[in-house]
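[1] everything below, folded, please.
(2 chains)
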Amino acid sequence: MSPVAEKTAQVVPIAAEADLLRVRSALRAEAQEAGLNLTAVTKLVTAGSELARNIFRYATHGQGVARIERAEEDGRRGVRVTFEDSGPGIADLDEAMRDGYSTAGSLGLGLPGSRRLVDEFSIDSQVGRGTTVMIMQWSR
Amino acid sequence: MRMGDNLIVMLQGDLEDGTVEQVEREVTEEVARTQAKGALIDVSGLSVVDSFVARIISRIAAMIRLLGSEATIVGIQPAVALTLVELGVPLKHVATALNAEQGMARLQGRSRERA
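    Residues are numbered from 1 along each chain as shown, chains lettered A, B, ... in the order given. The predicted structure follows:
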């Protein structure tokens, strides 16, 4: 991703339920400023909400951050969000990316659902170290 | 808010998980207490509905049905509808209507059929 130029970076800590609201509002503001259309904004904010809730629900002590950055590439603008936590990590990523897989009685749509909502998605997890999820939405 | 035999619930703004769960309890209790024939849940004021909120909405509808009443969800914003479909939230068994007027017409039609 070398041609991506960073514009701004904003870090939102995720440690409590109220932080979900902060993540959603920061994402909405950034996505609107980047010129994403309403559907793209809504999808990005929803994906962000799912991932922020994952941190708050499953990470050790429920702590992590959402790093929100603006990006530009080939004349289009986008928003990249990286969710990092130092929680227990995910042992089987393939399993976790499957619809309906849940260890917490939820719908199990958080990870696979988020991936469907954004243009780019990547996940990296190490057991005992934590999980990093990157999502990116571009203006069209 | 009540309108005839029906209960109207408006969800607005960006809601915390706890608030959504509180609404769920209150609506269920209110439907039972007032013996409302139907409940209209207006979500036109929600610009984001994630899987958690969608699950609670679907649970509210299921509980209202168990109480012998009918729930109709109205006013899902188009961008929210697109998002819910891609997210894969199962809302198949939840009755929906385009807006409050149509939702109310649906509820009233239902209660007339039963009368």
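
[2] which residue, other than its chain neighbours, is closest to the residue most central in space within chain A?
    Centrality entry for chain A: nearest residue to the mean C-alpha point is A:Gly48, 4.4 Å, by CA atoms, centre = their mean. In space, A:Gly48 comes closest to A:Leu27 once its chain neighbours are excluded; the distance is 4.6 Å by CB to CB, 6 or more residues apart in numbering or on different chains. Any C-beta I mention is one placed from the backbone N, CA and C, and that applies to glycine too.

[3] show the pLDDT at B:Leu7.
    B:Leu7 is assigned a pLDDT of 92 by the prediction.

[4] spit out the contact partners of it.
    For B:Leu7, the contacting residues are B:1, B:27, B:30-31, B:34, B:36, B:38-40, taking CB atoms under 8 Å, 6 or more residues apart in numbering or on different chains as the criterion.

[5] returning to what we had before: burial check on the residue nearest to A:Gly48, number of neighbours?
    Neighbouring residues of A:Leu27 were enumerated by other CB atoms under 10 Å in any protein chain shown; the total is 27.

[6] shouldn't it be within a helix?
    Yes: secondary structure of A:Leu27, determined by DSSP: H, G, I helix; E, B strand; the rest coil: located in a helix.

[7] that one touches A:Arg70, doesn't it?
    No: distance between A:Leu27 and A:Arg70: 11.6 Å, which falls outside the contact criterion (CB atoms under 8 Å).

[8] which residues of the chain fall in helices?
    Using chain A here. When assigned using DSSP state H, the helices of chain A occupy the ranges A:18-33, A:38-58, A:93-96, A:110-117.

[9] you looked at the wrong chain, it should be chain B
    Read by DSSP H, chain B holds these helices, from start to end of the chain: B:17-34, B:51-66, B:78-87, B:100-114.

[10] and the longest one, what does it pack against?
    Counting contacts by 3 or more CB pairs under 8 Å, 6 or more residues apart in numbering or on different chains; DSSP states H and E, the secondary-structure elements packed against helix B:17-34 are strand B:6-12, strand B:38-45, helix B:51-66.

[11] just the ones you listed: most buried one?
    For those, the largest average neighbour count (mean count of other CB atoms under 10 Å in any protein chain shown) is found in strand B:38-45, namely a mean of 21.

[12] that one pairs with which strands, and in what direction?
    Taking DSSP bridges as the criterion, strand B:38-45 sits next to strand B:6-12 (parallel), strand B:70-74 (parallel) in its sheet.

[13] that one vs helix B:78-87, what angle?
    For strand B:38-45 against helix B:78-87, the angle by axes from the mean of the first three to the mean of the last three CA atoms, to 10 degrees is 100 degrees.

[14] what residues does strand B:38-45 touch?
    Under the criterion CB under 8 Å, 6+ apart, residues B:3, B:5-13, B:27, B:31, B:49, B:57, B:60-61, B:64, B:69-77, B:80, B:99-100, B:103-104, B:107-108, B:110-111 lie in contact with strand B:38-45.

[15] output that strand as PDB, nothing but the C-alphas.
    Output of strand B:38-45 as PDB, limited to C-alpha atoms (Å, rounded to 0.1, in the frame of the first residue of the first chain):
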ATOM      1  CA  GLY B  38     -50.100  -3.800  18.300                       C
ATOM      2  CA  ALA B  39     -46.800  -2.000  18.600                       C
ATOM      3  CA  LEU B  40     -45.200   0.200  16.000                       C
ATOM      4  CA  ILE B  41     -41.500   0.600  16.300                       C
ATOM      5  CA  ASP B  42     -40.200   3.600  14.400                       C
ATOM      6  CA  VAL B  43     -36.500   3.300  13.600                       C
ATOM      7  CA  SER B  44     -36.400   6.200  11.100                       C
ATOM      8  CA  GLY B  45     -34.200   8.200  13.600                       C
END
